[in-house]
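Q: Predicted coordinates and the sequence they were generated for:
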Amino acid sequence: MARVRKVIFFVESTFCRRDYERFGFETLRRQGFAVEAWDFTRLLVRAQYHPVQPPDPLDWAGLRVFADRAEAACALSGLDGSCFVVAFISYIPESLWIFRALGRRGARYGVQLPALYTGGAARSLWRQRLRIFRWRDIPRYLARRLPTRWLVPPADLGLAWARRHFICQPFVPGASETLWVHALDYDRYLEERDQPASGGPPTAVFLDQYMPFHSDFAHSGLGTPIAAEEYFPRLRAFFDSIESAFGVRVVVAAHPRSAYESCPGCFGDREIARGRTCALVRDSRLVLLHQSMAVSFPVLFRKPMVFVGGSRVSAGLVEEPRISELAAFFGKREHDLERPADFDVAAELRVDDAAYERFQDGYIKSRGSAELPYWEIVARRLAEYR
């Protein structure tokens, strides 16, 4: 096999500056690899999702955006054994032709093996799946369960986050190699953990999920779980209670694809910061959340967490886990936005070190894996390919 000289990222959501940074393009370049990003969003994602634009668009010479399948097929035909593809695209009927093209051209590829906590109740997970079920999704369901070798060549490399990682379909144990990396958020933690605190008054950081505006609600077919006119006043009241009970100022760590510029005053006069979640959590006294994937940050920095939701909020969440299940993992309870806030301050500030360690080892970074940036680990492995 040829030496890997180029790394190409296949994505299915509009590529942006945040993607450029978290995918380690500069790290790979420093290791001598050419890098590109190929955006298949318009070919793989249904039409109602296309208008969603990130707040940090990127105009970059290494980005190719495909809106025509013939054009994409032509580009795929130019790949060879010197190319390594990192496939951030779903394994669905609409994408099988892409995976098959990689096999025909001899290009090696890798997939992520994420470790996502889904809660402890299988019944709850099936209830969630049934609630968002649509007949048109049956082909996608079947494609994920048919033996991979019937449809596409297996991935060469599985990038495993932690011990509880999921086996995604193109990964075939015995045919694919596992490379132990970690959750992408761990890179941010490595950058921020030894930096000096910013100072200032004590804060509580809210890990925003862009509810109820997030495009996932439309994409899932569920619609918004709670109207903005109802959600934000109740959330502001909850923040008022937090600030009074804990002697802090709430700061909003905005979802990376949020656009709160279009709805000023959603959180009152509180600071809204996008792109600084890790540093905000590091410097905070406590963290407020529904069930954001950014839970990695308070776990890594061992910050106390306050979980907020209620039946209306929880019912509309597209992904597992349920807020109550995530809270229970850490020995906490879920607060209901529809009821007056009532805090046991000492209990809310308590950190169960054993639970935090279990979550970190199971879902963020396994003990014994390299204490290096994610893409540094990948680059070193790719440099060994011959």
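A: Sure, I can see it.

Q: Let me see the ranges of the strands in this structure.
A: For the chain, applying DSSP state E gives strands covering 6-11, 34-39, 63-65, 83-88, 108-113, 157-160, 177-180, 203-207, 249-254, 272-274, 286-289, 305-309, 334-336.

Q: nearest to Asp342, of these?
A: Shortest separation from Asp342 across the strands of the chain is recorded for strand 334-336, at 8.0 Å, computed as C-beta to C-beta. Where you see a C-beta, it was placed from the backbone N, CA and C, and this is true even at glycine.

Q: what helices or strands is the closest one leaning on?
A: In terms of contact count using 3 or more C-beta pairs under 8 Å, 6 or more residues apart in numbering; DSSP states H and E, strand 334-336 is assigned the packing partners strand 305-309, helix 323-329.

Q: Among the ones you listed, which comes closest to Gly158?
A: Proximity to Gly158 (C-beta to C-beta) singles out helix 323-329 among the helices and strands packed on strand 334-336, at 25.4 Å.

Q: Which stretch among the strands of the chain approaches Val299 most closely?
A: When the strands of the chain are ranked by proximity to Val299 (C-beta to C-beta), strand 305-309 comes first, at 8.4 Å.

Q: any chance of the strands of the chain in JSON lines, plus mean neighbour count, distance to Val299 and mean pLDDT?
A: Shown next, in JSON lines, are those (neighbours: other C-beta atoms under 10 Å; distance: least, C-beta to C-beta, whole Å; pLDDT from 0 to 100):
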{"stretch": "strand 6-11", "mean neighbour count": "22", "distance to Val299": "27", "mean pLDDT": "97"}
{"stretch": "strand 34-39", "mean neighbour count": "19", "distance to Val299": "29", "mean pLDDT": "97"}
{"stretch": "strand 63-65", "mean neighbour count": "16", "distance to Val299": "33", "mean pLDDT": "96"}
{"stretch": "strand 83-88", "mean neighbour count": "22", "distance to Val299": "24", "mean pLDDT": "96"}
{"stretch": "strand 108-113", "mean neighbour count": "22", "distance to Val299": "19", "mean pLDDT": "94"}
{"stretch": "strand 157-160", "mean neighbour count": "22", "distance to Val299": "18", "mean pLDDT": "95"}
{"stretch": "strand 177-180", "mean neighbour count": "16", "distance to Val299": "19", "mean pLDDT": "95"}
{"stretch": "strand 203-207", "mean neighbour count": "24", "distance to Val299": "12", "mean pLDDT": "98"}
{"stretch": "strand 249-254", "mean neighbour count": "23", "distance to Val299": "15", "mean pLDDT": "98"}
{"stretch": "strand 272-274", "mean neighbour count": "17", "distance to Val299": "20", "mean pLDDT": "95"}
{"stretch": "strand 286-289", "mean neighbour count": "24", "distance to Val299": "10", "mean pLDDT": "97"}
{"stretch": "strand 305-309", "mean neighbour count": "22", "distance to Val299": "8", "mean pLDDT": "95"}
{"stretch": "strand 334-336", "mean neighbour count": "21", "distance to Val299": "17", "mean pLDDT": "94"}
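
Q: Same list (these) but as JSON lines, adding distance to Gln53.
A: Formatted as JSON lines, the entries for the strands of the chain read as follows, by distance: least, C-beta to C-beta, whole Å:
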{"stretch": "strand 6-11", "distance to Gln53": "14"}
{"stretch": "strand 34-39", "distance to Gln53": "12"}
{"stretch": "strand 63-65", "distance to Gln53": "12"}
{"stretch": "strand 83-88", "distance to Gln53": "18"}
{"stretch": "strand 108-113", "distance to Gln53": "24"}
{"stretch": "strand 157-160", "distance to Gln53": "28"}
{"stretch": "strand 177-180", "distance to Gln53": "33"}
{"stretch": "strand 203-207", "distance to Gln53": "22"}
{"stretch": "strand 249-254", "distance to Gln53": "16"}
{"stretch": "strand 272-274", "distance to Gln53": "14"}
{"stretch": "strand 286-289", "distance to Gln53": "26"}
{"stretch": "strand 305-309", "distance to Gln53": "28"}
{"stretch": "strand 334-336", "distance to Gln53": "33"}
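
Q: Determine which of those approaches Leu349 most closely.
A: Judged by C-beta to C-beta, the one of the strands of the chain that comes nearest to Leu349 is strand 286-289, at 6.6 Å.

Q: Restrict the closest one to CA atoms and write it as PDB.
A: Output in PDB follows, covering the C-alpha atoms of strand 286-289 (Å, rounded to 0.1, in the frame of the first residue of the first chain):
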ATOM      1  CA  LEU A 286     -21.200  25.200  39.100                       C
ATOM      2  CA  VAL A 287     -22.700  24.100  35.800                       C
ATOM      3  CA  LEU A 288     -26.400  24.100  34.700                       C
ATOM      4  CA  LEU A 289     -27.600  21.800  31.900                       C
END
